[in-house]
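Asks: predicted model follows, preceded by the sequence.
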Amino acid sequence: MKRRNVLASLLPALLLLALVPFINLAAPTPAAAAGAGYWHTNGRQLLDANNQPVRMTGINWFGLETANYTPHGLWSRGYRDMLDQMKSLKYNTLRLPFSNQLFDAGSTPNSIRFDLNPDLQGLSGIQIMDRIIDYAGQIGMKVILDRHRPDSGAQSALWYTAQYSEARWISDWQMLARRYVGNTAVVGADLHNEPHGIQGGGGSTWGTGSMTTDWRLAAERAGNAILAINSNWLIIVEGIDNFNNDGYWWGGNLQGAAQFPVRLNVANRLVYSAHDYATSVFPQPWFSDPSFPNNMPAIWDRMWGYLHKNNVAPVLLGEFGTTLADPRDRLWLQNLMAYTGTGVGGINFTFWSWNPNSGDTGGILNDDWTTVNTTKQNILNPYLLGVDQPGPGPTTTTTTRTTTTTTTTQPPPVSCRVTWGVNDWGTGFTASLAIANTGTSSINGWTLAFTFAGNQRISNGWGATWNQAANSASVTGASLDHNRTIAAGQSVSGIGFNANYTGTNARPASITLNGQACAVN
């Protein structure tokens, strides 16, 4: 009896097994990975081409906006190696600063090791931009173009200067929109970096109606000109510094957007952007408030966070960084990241910066341009989403680009001698340098690098673009346009700097030029 009951209980299972060949047991097709194609907005959320939610968790890599006319660090490493490392650290978006001067004739890229970047040799600044964008796209990263400066020397309070007019600003954006149309690696245009007021009066305003100072109206003019050519781009509009006498960081005050929103001709393209920094950058009063850091969320809400919380538009925290030199810096960064939230629904961000040679913040990379500042990276790690989508594949543009044939011929090693002269007065000194090319081939673009033996700090320099990160003994000096070429057997002089120190002042133990050790006398 029990036996017959067991067989009866097994009968449905046996029938099901018999029917298996006729039942479609295929698993459902998985959804496409997030991040595909161009991105657009829906309220505060960014969406990809398949309407899947996405979030920018990215990094800034500067240099194209400077007189080097190329991303910094290419004197030490290859650009593909740099981008691969960014991806490995889970940065999915690259904010790429540039200046309008980059596009001028005579703005020649320099300070590049072509043995590490052979396909960049002979390229213009914008062609190097092409290569950076194309490879970022191949590995699945997205790119935001950031008009950081009109010229390569300094930022500007307004979006135009006497040398670079509003018409030039807009026409350059139109040129870039045409150049990269169809290239889904480039998803957005950050129209102008850190518009701000001028002490004593002048500079950028918001909502005043002035054609010459109202940044909100200028952003509409440029944004709509871009969208008329490339309707798929995100238009990224930074804040100013002061609205209704309530001051904040340059680019960080978006209070005016509540009453005076930016109006674009294409829906679902607007992203507001703010910048925020630590007390080591500037000692703002809120860092000395007894309630710090608990006072910060209310400040962020008032300045820019309300746009996200009220579902007005996506917010991009386009720049934020710190040397972590002050104990409050760590608290600020930890609380700011917690404020942005985790997952794809959080506030978008691009950390400042990849470069270690940002004087007031340092970078994710250490001064060797290779190893990672693990303290900073570990704070960011829980919020980094990484590249979870395939790259866009081969990119196409509607603009004909100059084709450069890459050869396998490597430039000969640098052979050099540096003459180091010092006028020392006990608490400071002037260093006068000359560089001799003792090799058989011309040097086209150079970067000196050395490490001080003590606590020397450069105060000003000449004949090179000098960089010394805060709390670091490492120094680089990059060639200028007038002295970038050193013919074989020739030398350049008129290079030097002033520095302060305490204790002893010894000459650096070694000096390199484009990564190769030089004789020193």
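Replies: Right, received. Where do you want to start? Numbers count the residues shown, from 1 in each chain.
Asks: would you map the helices across the protein?
Replies: Using DSSP state H, the helices of the chain run over 2-19, 79-88, 125-138, 166-179, 215-227, 256-259, 296-300, 306-309, 327-340, 374-380.
Asks: list the contacts for residue 58?
Replies: 91, 92, 93, 94, 95, 141, 142, 144, 349, 350, 351 (C-beta atoms under 8 Å, 6 or more residues apart in numbering). (Each C-beta comes from the backbone N, C-alpha and C, glycine too.)
Asks: separation between it and residue 364?
Replies: The span separating residue 58 from residue 364 equals 11 Å under the rule C-beta to C-beta, to the nearest Å.
Asks: neighbour-wise, which one of the contacts of residue 58 leads?
Replies: The residue in the contacts of residue 58 with the most neighbours, by other C-beta atoms under 10 Å, is residue 95 (31 neighbours).
Asks: wait, isn't it in contact with residue 348?
Replies: No: using C-beta atoms under 8 Å, residue 95 makes no contact with residue 348, being 10.5 Å away.
Asks: residues that sit against both of residue 58 and residue 364, list them.
Replies: Taking C-beta under 8 Å, 6+ apart as the contact criterion, the common neighbours of residue 58 and residue 364 are residue 351.
Asks: quick one on the thing from earlier: now render the helices of the chain as CSV, adding distance to residue 315, mean pLDDT and mean neighbour count.
Replies: As requested, the helices of the chain are exported to CSV (distance: least, C-beta to C-beta, whole Å; pLDDT from 0 to 100; neighbours: other C-beta atoms under 10 Å):
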stretch, distance to residue 315, mean pLDDT, mean neighbour count
helix 2-19, 53, 38, 9
helix 79-88, 22, 97, 18
helix 125-138, 23, 98, 21
helix 166-179, 22, 98, 18
helix 215-227, 15, 98, 21
helix 256-259, 10, 98, 17
helix 296-300, 10, 98, 17
helix 306-309, 5, 98, 19
helix 327-340, 9, 97, 18
helix 374-380, 17, 97, 15
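Asks: for residue 278, find the nearest of these.
Replies: Each of those has some distance to residue 278 by C-beta to C-beta; the shortest is helix 327-340, at 4.2 Å.
Asks: what sits up against that closest one?
Replies: Where contact means C-beta under 8 Å, 6+ apart, the residues beyond helix 327-340 that reach it are 276, 278-280, 287, 292-293, 296-297, 300, 305, 317, 320, 322-324, 346-347, 349, 375-376, 379-380, 382-383.
Asks: let's see that helix as PDB, backbone CA atoms only.
Replies: Extracted as PDB, the C-alpha positions of helix 327-340 are listed here (Å, rounded to 0.1, in the frame of the first residue of the first chain):
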ATOM      1  CA  PRO A 327      42.500  66.900   9.900                       C
ATOM      2  CA  ARG A 328      39.200  68.500   8.900                       C
ATOM      3  CA  ASP A 329      39.900  67.600   5.300                       C
ATOM      4  CA  ARG A 330      39.300  64.000   5.900                       C
ATOM      5  CA  LEU A 331      36.000  64.700   7.700                       C
ATOM      6  CA  TRP A 332      34.900  67.000   4.900                       C
ATOM      7  CA  LEU A 333      35.600  64.400   2.200                       C
ATOM      8  CA  GLN A 334      34.000  61.500   4.100                       C
ATOM      9  CA  ASN A 335      30.900  63.500   4.800                       C
ATOM     10  CA  LEU A 336      30.700  64.900   1.300                       C
ATOM     11  CA  MET A 337      30.900  61.500  -0.200                       C
ATOM     12  CA  ALA A 338      28.200  60.200   2.200                       C
ATOM     13  CA  TYR A 339      26.000  63.200   1.100                       C
ATOM     14  CA  THR A 340      26.300  62.200  -2.600                       C
END
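Asks: straight-line length of stretch 363-375, end to end?
Replies: With C-alpha to C-alpha, to the nearest Å applied, stretch 363-375 spans 11 Å between its terminal residues.
Asks: my error: substitute stretch 40-60 in the last question.
Replies: 21 Å.
Asks: now it: mean pLDDT?
Replies: The average pLDDT within stretch 40-60 is 97.
Asks: residue 279 and residue 323 touch, don't they?
Replies: No: the criterion here is C-beta under 8 Å, and residue 279 misses it with residue 323 at 10.3 Å.
Asks: give the contact list for residue 344.
Replies: The contact partners of residue 344, taken as C-beta under 8 Å, 6+ apart, are 34, 45, 53, 54, 55, 385.
Asks: may I ask which of the residues you listed has the most neighbours?
Replies: Looking at those with neighbours defined as other C-beta under 10 Å, the largest count falls to residue 55 at 27 neighbours.
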